[in-house]
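A.B. asks: Sequence and predicted model, in that order:
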Amino acid sequence: MISINKAHYPVTVLGPGRRIGLWVQGCSIGCKGCISQDTWADDPERLMPIAELLAWCRDVAAGGLDGVTISGGEPFDQPEALAALLQGLRAWRRQAGLDFDLLCYSGYPLATLRKRQAPLLALLDALIPEPFVEARPASEPWRGSANQPLVLLSARGRRRYAAYLRQPLALGPKRIQAVVDGDRVWYVGIPARGDMERLRALCAVRGLDFSEVSWRQ
Ligand code: SF4
């Protein structure tokens with residue numbers, strides 16, 4: 001079983017190409033300024049069988065995908081579940097002859113992950129570790145703050161991500177995706193500092209109030 005906050009396809013703003021995005025539920029780190037505070041609490045209601053999640057992935061991306069991005073929440077707070085999920089994704093990739101990459105975010109320091117979670121790192125192609133630091137805006141793609149490196153962990157990861165190691169974020173607005181899900185709207189991607197509050201203010205003057213937001217409690 002794995003605790004999942006949400007899943008979406010296609011995600012185009014968290015890694016190269018068209019990707020499956022999986023956000024786990026539960027984070028014990030609590031970075032100041034985190035925009036995903038709805039993912040912090042443990043929630044037994046959000047547990048789902050990993051086989052079911054893998055079946056959803058195979059189904060939703062039957063037309064092809066470039067990668068899977070796992071974020072949260074803190075994926076490494078569920079190490080056994082994360083291992084089973086990554087092994088299942090790798091088996092699907094191998095058996096179907098696909099070439100998608102596996103990218104994972106973590107708020108733990110890279111040194112801690114290398115020391116305590118080396119077997120999990122060996123299942124990934126790329127990793128963006130380190131806690132979010134509100135005072136250090138990022139200047140590179142897919143990063144929340146400038147202290148977060150892009151770490152390449154496999155030959156596939158090096159082949160696919162090498163160009164992005166040297167590519168600064170394009171000047172101009174950051175891209176986020178909006179997903180309408182029943183009476184809920186959620187956003188995919190990493191907004192610039194203050195963007196979400198600006199969005200809330202713009203919507204408010206047009207008569208649209210947000211009842212709950214994930215970027216503050
Ligand atoms: S940024 Fe990530 S690691 Fe930090 S509190 Fe938010 S979900 Fe947790």
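C.D. replies: The structure has been received and is ready for your questions.
A.B. asks: C-alpha only now, for contacts and for neighbours.
C.D. replies: Will do.
A.B. asks: Mind pulling up the pLDDT for the residue nearest to Trp186 when sequence neighbours are not counted?
C.D. replies: The shortest distance from Trp186 to any non-neighbouring residue, by CA to CA, 6 or more residues apart in numbering, is to Val179 (5.3 Å). The model reports Val179 with a pLDDT of 84.
A.B. asks: buried stuff in the helix ranked longest in the chain?
C.D. replies: For the chain, the helix that runs over the most residues, judged by DSSP state H, is helix 79-96. By 16 or more other CA atoms under 10 Å, the buried positions in helix 79-96 come out as 81-86, 88-90, 92.
A.B. asks: Repeat that for stretch 111-129.
C.D. replies: So for stretch 111-129, counting by 16+ other CA under 10 Å, buried means 113, 120-121, 123-129.
A.B. asks: CA atoms of that stretch as CSV?
C.D. replies: Once non-C-alpha atoms are left out, stretch 111-129 reads as follows in CSV (Å, rounded to 0.1, in the frame of the first residue of the first chain):
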residue,chain,number,x,y,z
ALA,A,111,24.0,13.1,2.0
THR,A,112,21.3,11.7,4.2
LEU,A,113,19.7,9.9,1.3
ARG,A,114,23.0,8.5,0.1
LYS,A,115,23.7,7.2,3.6
ARG,A,116,20.3,5.8,4.5
GLN,A,117,18.4,5.1,1.2
ALA,A,118,21.1,4.0,-1.3
PRO,A,119,19.0,1.0,-2.5
LEU,A,120,16.2,3.4,-3.4
LEU,A,121,18.5,5.8,-5.2
ALA,A,122,19.7,2.8,-7.3
LEU,A,123,16.1,2.5,-8.6
LEU,A,124,15.9,6.1,-9.8
ASP,A,125,17.3,7.9,-12.9
ALA,A,126,17.2,11.4,-11.4
LEU,A,127,16.6,13.0,-8.0
ILE,A,128,16.0,16.6,-6.8
PRO,A,129,16.8,16.5,-3.1
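A.B. asks: which sections of the chain are below the confidence cut-off?
C.D. replies: 167-173, 217 (pLDDT under 70).
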